[in-house]
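*Asks:* Sequence and computational prediction follow.
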Amino acid sequence: MNRPEEKNHFYASVLFLIWPLLAVFSAFKHYKKPWAKNIAWAFIAFFGFTFAIGSASENTDIVRYVAEFKALHKETFSFSKTIDHFIASGEIDILKTLIAVVFSRFTDSQAVLTGVYGIIFGYFFSRNMWYVLERLEGKIKPYTMLLFACFFLAVPIWYINGFRMWTATHIFLFGLLPYLCEGEKKGLWISALAVLVHFSFIVPVSILLGYTFLGPRITLYFGFYIVTFFISEINLELINRYVEAYTPEIFQERTKYYRREEDMEEMQSGAQRSWHILWYTRALGWAVMGYMVILFLQGRELFKSHEGWRNLMSFTLLFFGAANILSLLPSGARFLNIARLIALALITLYIHNIPGKKLTRVYKLVALPAVLFFILVSVRIGLISISATSILGNPIVALYTAGDTMSMNEFLMMVLRNLL
């Protein structure tokens with residue numbers, strides 16, 4: 001690193017200590033600087049340390065993780081007892097249990113636990129964001145910023161409240177993009193490591209392995225994607241009978257909570273109570289579908305001549321088609337988040353880097369309301385987990401408020417009550 005860059009890095013680090021939020025905005029503004037992604041990583045670690053858990057539902061993953069962490073702190077552990085605890089937990093995922101056992105030896109602080117989550121999640125999240133940013137040619141256009149915001153919000157930083165699933169998602173993407181776009185074989189192995197973070201990633205990894213054998217077949221995968229997009233229902237009882245008849249007992253045990261028919265009814269009734277929660281991802285899904293159709297129709301020559309583009313387009317279509325089917329199962333809709341994340345990486349790069357034709361320019365305006373709706377609702381949801389300290393404070397303030405944070409949602413409501 002040359003001397004001017006060292007000075008810029010130093011100033012960015014000092015700014016982070018004073019006001020992390022402003023530092024991360026500076027990092028995105030100067031995204032081409034080598035220090036920028038590390039400032040973003042540091043902010044997500046800070047965000048994790050100041051994570052607002054107070055208003056979270058008792059049924060959420062993060063509440064259970066913290067309760068388990070506090071309970072473990074009261075116990076003494078030998079190596080054999082650690083193994084017994086892991087077996088008794090009923091989990092195949094290694095990372096979450098390892099973090100809980102190791103750090104509970106020193107503390108029972110929620111801030112420490114979610115801070116560690118932020119460090120791990122933040123590394124892969126920041127690298128995935130910068131993988132796309134660093135490949136945007138020339139000056140970033142306003143519409144590109146909106147598409148990138150959708151990419152950023154498809155699996156955002158406040159998803160550390162479901163640490164296992166969403167960390168696995170970004171680990172999967174971290175290996176996937178270099179593997180597809182640049183042919184880096186180690187990316188395939190990195191993606192496979194996601195299974196150690198969340199067992200359900202045996203499905204995305206299996207799809208990726210299947211793709212390595214089938215190869216890029218854009219027309220076939222596009223047909224598969226379109227057909228599955230319009231599938232309205234599937235016989236869940238038939239799937240359950242098949243799983244219970246032909247799969248190993250351990251697989252049945254680990255997937256039973258994802259196949260419960262009563263969960264589907266609960267999910268549907270819950271969605272009906274909040275129309276914007278139901279429709280903000282659907283709106284984005286339709287916008288993404290339109291873009292995928294345009295890429296298929298207009299990008300044929302590009303995909304024929306550039307292997308990286310062809311691979312990314314092919315896998316996106318294949319994975320999205322599989323995710324459409326999986327979304328009809330209880331808890332299977334989470335795979336659509338992964339599909340949208342991958343698709344938005346492709347769409348952002350394509351729309352920015354490839355000269356737009358008339359159809360593309362028209363569709364950008366058609367998709368704009370859905371894009372804006374998704375961004376607004378996503379940020380509104382994020383206010384529940386973003387603490388006031390994350391936005392207004394700094395690491396020094398956070399040391400005094402650790403574990404006693406107020407969400408921005410609560411903070412804004414308090415301000416409004418005092419003003420009215």
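*Replies:* Alright, I've got the coordinates. Numbers count the residues shown, from 1 in each chain.
*Asks:* what residue ranges in the stretch 101-250 of the chain are flagged as low confidence?
*Replies:* 231-250 (pLDDT under 70).
*Asks:* What segments of it are helices?
*Replies:* For the stretch 101-250 of the chain, the helices defined by DSSP state H, counting those that start in this stretch cover 110-133, 142-154, 163-182, 186-192, 202-214, 218-229, 236-246, 249-255.
*Asks:* list the buried ones in the fourth one?
*Replies:* It refers to helix 186-192. Neighbour-count burial for helix 186-192 flags 187-188, 190-192 (criterion: 16 or more other Cβ atoms under 10 Å). (Glycine included, C-beta is placed from N, CA and C.)
*Asks:* Serialize these to a markdown table and add fields for distance to T316.
*Replies:* Below are the buried residues of helix 186-192 laid out as a markdown table (distance: Cβ to Cβ, whole Å):
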| residue | distance to T316 |
| --- | --- |
| G187 | 15 |
| L188 | 16 |
| I190 | 18 |
| S191 | 14 |
| A192 | 19 |
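*Asks:* what's near enough to touch the closest residue to G210 other than its chain neighbours?
*Replies:* Excluding the flanking residues, the one nearest G210 by Cβ to Cβ, 6 or more residues apart in numbering is L318, at 7.9 Å. Residues in contact with L318 (Cβ atoms under 8 Å, 6 or more residues apart in numbering) are 207, 210-211, 214, 221, 224-225.
*Asks:* Likewise for F49?
*Replies:* Contacts of F49 by Cβ under 8 Å, 6+ apart are 111-112, 114-115, 118, 395, 398, 402.
*Asks:* 10 Å instead, please
*Replies:* Neighbouring residues of F49 by Cβ atoms under 10 Å, 6 or more residues apart in numbering: 109-119, 387, 389-390, 395, 398-399, 401-403, 405.
*Asks:* Look up how far I396 lies from it.
*Replies:* Per Cβ to Cβ, to the nearest Å, F49 is found 12 Å from I396.
*Asks:* can you give me the helices in the stretch 301-420 of the chain?
*Replies:* 307-326, 334-353, 358-382, 388-392, 395-401, 408-419.
*Asks:* Switch these over to TSV; also include distance to E301.
*Replies:* Listed next are the helices of the stretch 301-420 of the chain as TSV, based on distance: least, Cβ to Cβ, whole Å:
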stretch	distance to E301
helix 307-326	10
helix 334-353	13
helix 358-382	14
helix 388-392	46
helix 395-401	51
helix 408-419	47
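*Asks:* do you know which of these lies nearest R105?
*Replies:* helix 395-401 (20.9 Å; Cβ to Cβ).
*Asks:* Tell me who's in contact with the most centrally placed residue in the chain.
*Replies:* Central residue of the chain (Cα atoms, centre = their mean): V155, 2.6 Å from the mean position. By Cβ under 10 Å, 6+ apart, the contact set of V155 is 121, 125, 128, 162, 165-167, 169-170, 173, 334, 337-338, 340-341.
*Asks:* Chain neighbours aside, what residue packs nearest to V132?
*Replies:* Closest to V132 by Cβ to Cβ, 6+ apart is A345, at 5.4 Å.
*Asks:* that older thread, got the phi and psi for the residue nearest to the centre of the chain?
*Replies:* phi -140, psi 80 (degrees, to the nearest 10).
*Asks:* Let me know how buried the residue nearest to G332 when sequence neighbours are not counted is, in neighbour terms.
*Replies:* Excluding the flanking residues, the one nearest G332 by Cβ to Cβ, 6+ apart is L326, at 4.0 Å. Per other Cβ atoms under 10 Å, the neighbour tally for L326 reads 23.
*Asks:* Contact partners for L326?
*Replies:* 200, 203-204, 207, 228, 234, 258, 332-336, 338-339.
*Asks:* between the residues you listed, which is closest to K141?
*Replies:* So of these, ranked by how close each gets to K141 (Cβ to Cβ), first place is A339, at 25.0 Å.
*Asks:* give me every residue that touches that closest one.
*Replies:* 154, 204, 225, 285, 288, 316-324, 326-327.
*Asks:* And A42, by the same measure?
*Replies:* A42 sits in contact with 12-13, 16-17, 20, 23-24, 27, 118-119, 122, 126, 395, where contact means Cβ under 10 Å, 6+ apart.
*Asks:* again, but for N353
*Replies:* Contacts of N353 by Cβ under 10 Å, 6+ apart are 135-138, 144, 302, 309.
*Asks:* ditto for M414
*Replies:* 388, 406.
*Asks:* how does it look with 6 Å?
*Replies:* If you count contacts by Cβ atoms under 6 Å, 6 or more residues apart in numbering, M414 has none.
*Asks:* Report pLDDT for it.
*Replies:* Here the pLDDT value assigned to M414 is 84.
*Asks:* swap in K358?
*Replies:* K358 is assigned 80 on the pLDDT scale.
*Asks:* hang on, the earlier thing: let me know the closest of the buried residues of helix 186-192 to T60.
*Replies:* Using Cβ to Cβ, those come closest to T60 at S191, 26.8 Å.
*Asks:* how much space is there between that closest one and W130?
*Replies:* When distances are taken as Cβ to Cβ, S191 and W130 turn out to be 18 Å apart.
*Asks:* I62 contacts N161, doesn't it?
*Replies:* Yes: using Cβ atoms under 6 Å, I62 makes contact with N161 at a distance of 4.0 Å.
*Asks:* Now do the buried residues in stretch 381-391.
*Replies:* Quick answer for stretch 381-391 (16+ other Cβ under 10 Å): 381-390.
*Asks:* now stretch 166-180
*Replies:* 166-180.
*Asks:* ok, so of those residues, who is nearest A45?
*Replies:* T167 (13.2 Å).
*Asks:* check contacts around that closest one.
*Replies:* Contacts of T167 by Cβ under 6 Å, 6+ apart are 121, 197.
*Asks:* Recalculate using a threshold of 7 Å.
*Replies:* 120-121, 124, 197 (Cβ atoms under 7 Å, 6 or more residues apart in numbering).
*Asks:* And it, how far from L297?
*Replies:* Taking Cβ to Cβ, one finds T167 at 36 Å from L297.
*Asks:* try L208
*Replies:* Distance of L208 to L297, given as Cβ to Cβ: 26 Å.
*Asks:* Sweet, I'm off.
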